[in-house]
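>>> pasted the sequence and its predicted model underneath.
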Amino acid sequence: MPNNTYTLTTPTSFLADFKAVTKMGLSISVVFSSLAGYLLAAEIVNFTTLLLLAVGGYFMVGASNVFNQIIERDLDALMDRTKNRPIPTGRMSVTFAFALAVTLAVVGLSILYSINERTAMFGAISICLYTSAYTPLKTKTPLSVFVGAIPGAIPFMLGWVAATGKFGIEPGVLFMLQFFWQFPHFWAIGWFLHDDYQKAGFNMLPTGQRDKGTALQAIIYIVWTLLISIVPVFGFTGALSLSILAAILVFACGLLFLYYGFQLFKHQTEKASRELMLASVIYITAIQIIYVLDKFIRLWI
């Protein structure tokens, strides 16, 4: 008889499986982006709204990840990286996982709606695109990365929308920054996990191969990311602005990011791709911190 529930052995084991099925590390990084976007936009920081954004954002991303793992459960079982996840191992049934995903989505979007309608709308778009477009396209075409970059770029701008209730040039720039950043980030991961992804039929690299063509495209998108990141210093992005010092720091972070892109182009090794992936994570985190600190330092002085 199939298991249609979740067998709770200990609270610790459930927490471990909840962390795995919602991809806690990824979800927390998304929440961080959203909070950074909120702090950039808020004239007065409302800590209740910050908490709602954090919880609602985590539930939103967690729901997307659970839906993703339900759809890909058979493929996850084929890959070393994912074969021990709760659903492919049978520790968590599809029925239970689906109920969990729906609950997270409904509660998460309700929380975001309590902030404002547009925040909930963009949250819903993110879940829909991630599960209905990006996930099924992963086995069809490398263009899945383009589709996946859309929901992946929403969190940074979502925070701005949560603070203002509006979508304009400011959240648009934040969206484009994180959108272009997604490509070298995903391709670096796709490079060092290429063999594992091939077991499940995932096509993540733009050329389909770990070659100079893929590395060159990563470099091109790093350049686009670098250029967009300093646009606010020129003063035509509304309330989103950067001081000259902050722009120099942002540009320097971009050059370091670009360095690792060239290292991948030069060496074409798994080690170089892992270094690029790590550089991409450090880069986007550093950029968001610099943006926020620059805003508050200029307010204080």
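Nice, thanks for sending it over. Numbering: from 1, shown residues only.

>>> where do the helices sit along the stretch 151-300 of the chain?
Remark: helices assigned in the stretch 151-300 of the chain by DSSP state H, counting those that start in this stretch are 169-192, 194-200, 212-229, 244-267, 270-300.

>>> pick the most deeply packed of those helices.
Of all those, helix 169-192 has the most neighbours on average by mean count of other Cβ atoms under 10 Å, namely a mean of 23. Bear in mind the C-beta positions are built from the backbone N, C-alpha and C, glycine included.

>>> that one vs helix 270-300, what angle?
Angle between the axes of helix 169-192 and helix 270-300 is 160 degrees (criterion: axes from the mean of the first three to the mean of the last three Cα atoms, to 10 degrees).

>>> wait, which of the helices of the stretch 151-300 of the chain is closest to Met24?
Ranking these by distance to Met24, with Cβ to Cβ as the measure, places helix 270-300 first at 15.3 Å.

>>> same for that closest one, what does it pack against?
helix 24-41, helix 169-192, helix 244-267 (3 or more Cβ pairs under 8 Å, 6 or more residues apart in numbering; DSSP states H and E).

>>> isn't Pro86 up against Met92?
Yes. If you go by Cβ atoms under 8 Å, Pro86 and Met92 touch, sitting 3.8 Å apart.

>>> hey, what's in contact with both of those two?
In terms of Cβ atoms under 8 Å, 6 or more residues apart in numbering, Pro86 and Met92 are both contacted by the residues Asp17, Val21.

>>> contacts only, for Gly235.
Gly235 touches Ser241, counting by Cβ under 8 Å, 6+ apart.

>>> distance of it from Pro151?
To Pro151, Gly235 is 30 Å away according to Cβ to Cβ, to the nearest Å.

>>> equivalent analysis for Leu226, please.
Applying Cβ to Cβ to Leu226 and Pro151 gives a distance of 23 Å.

>>> what of Ala77?
Distance of Ala77 to Pro151, computed by Cβ to Cβ: 25 Å.

>>> who has more neighbours, those two?
Neighbour count, other Cβ atoms under 10 Å: between Ala77 and Pro151, Pro151 has more, with 24 against 17.

>>> list phi and psi for the residue lying closest to the more buried one once chain neighbours are set aside.
Nearest residue to Pro151, sequence neighbours excluded (Cβ to Cβ, 6 or more residues apart in numbering): Ser126, at 4.0 Å. Backbone torsions of Ser126, given as degrees, to the nearest 10, read phi -60, psi -50.
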